[in-house]
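Asks: Build the 3D model from these lines:
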Amino acid sequence: MWRDERGFTLPELLVVIAILGILLAIAIVVWLGLLESRRVEAATNQLKADLRLAHTSATNQLTDWRVVLVPDRADEDEGPDYYLVKLLAPYPGTSPPAVDPATPAKPRTFPANVKVMNISGSLDTGAGGWAVSPTVVRQTRTVEFNTDGTMRFYGGVSGSTCVTVDTVPENRVTILAATSRVKVKADTC
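Replies: Purely as a prediction, here's the structure:
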């Protein structure tokens, strides 16, 4: 009764293991891509929420708020990706603004390797740097939200920035000065 039964041969087992290995490798690559996409999405939502928080806080607290973006950070040791800064009073633009000492600049960092890059429009030469920390000597992009609900960019009228992990995937965050509206679009920056 047991004579006619055969098991799998060694070549058959090796082929099955090779196929499973290829399928597993493909699944790992897809999974890692999804993780990067989720990290970029989380960072984009964080930036979008902080921009809206700064806008709402400026109108509710009757003082200007700034979001100072620090683009193209090489690694975590170079500091945060951006800062939330509450000014002591509305800023007329004639002298350096005073930062509210009760609310120091809040550094915000994105998860993992996500960073801000490819900011359209010219960068500040540190218009927000001295209002954040004396250690910020790099060029930044400052978005100021005013008490009347308007906003302005230093270095341009409106602008956008990209939130990305090494350029793939990317989300473009666009802020319109006329309406203070924040839009997010998944595209190549």
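Asks: All the strands of the protein, in order from the start?
Replies: In the chain, the strands defined using DSSP state E lie at 65-69, 82-86, 106-108, 115-117, 141-145, 151-153, 159-164, 170-176, 181-186.
Asks: So for the first one, mean pLDDT?
Replies: What that stands for is strand 65-69. Strand 65-69 comes out with an average pLDDT of 87.
Asks: just the helices in this protein please.
Replies: Taking DSSP state H as the criterion, the chain carries its helices at 10-61, 129-132.
Asks: could the strands of the chain go into CSV alongside distance to Gln46 and mean neighbour count?
Replies: In short, each C-beta sits where N, CA and C put it, glycine included. As requested, the strands of the chain are exported to CSV (distance: least, CB to CB, whole Å; neighbours: other CB atoms under 10 Å):
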stretch, distance to Gln46, mean neighbour count
strand 65-69, 12, 25
strand 82-86, 10, 24
strand 106-108, 7, 16
strand 115-117, 11, 21
strand 141-145, 15, 25
strand 151-153, 19, 21
strand 159-164, 9, 23
strand 170-176, 11, 19
strand 181-186, 12, 14
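Asks: Mind checking those strands for the one nearest to Asn45?
Replies: strand 181-186 (8.2 Å; CB to CB).
Asks: hang on, the earlier thing: tell me which of the helices of the chain is the most buried.
Replies: helix 129-132 (a mean of 20; mean count of other CB atoms under 10 Å).
Asks: about what we covered before: among the strands of the chain, which comes closest to Thr59?
Replies: So among those, strand 141-145 is nearest, using CB to CB, at 7.8 Å.
Asks: Report the mean per-residue pLDDT for the closest one.
Replies: 83.
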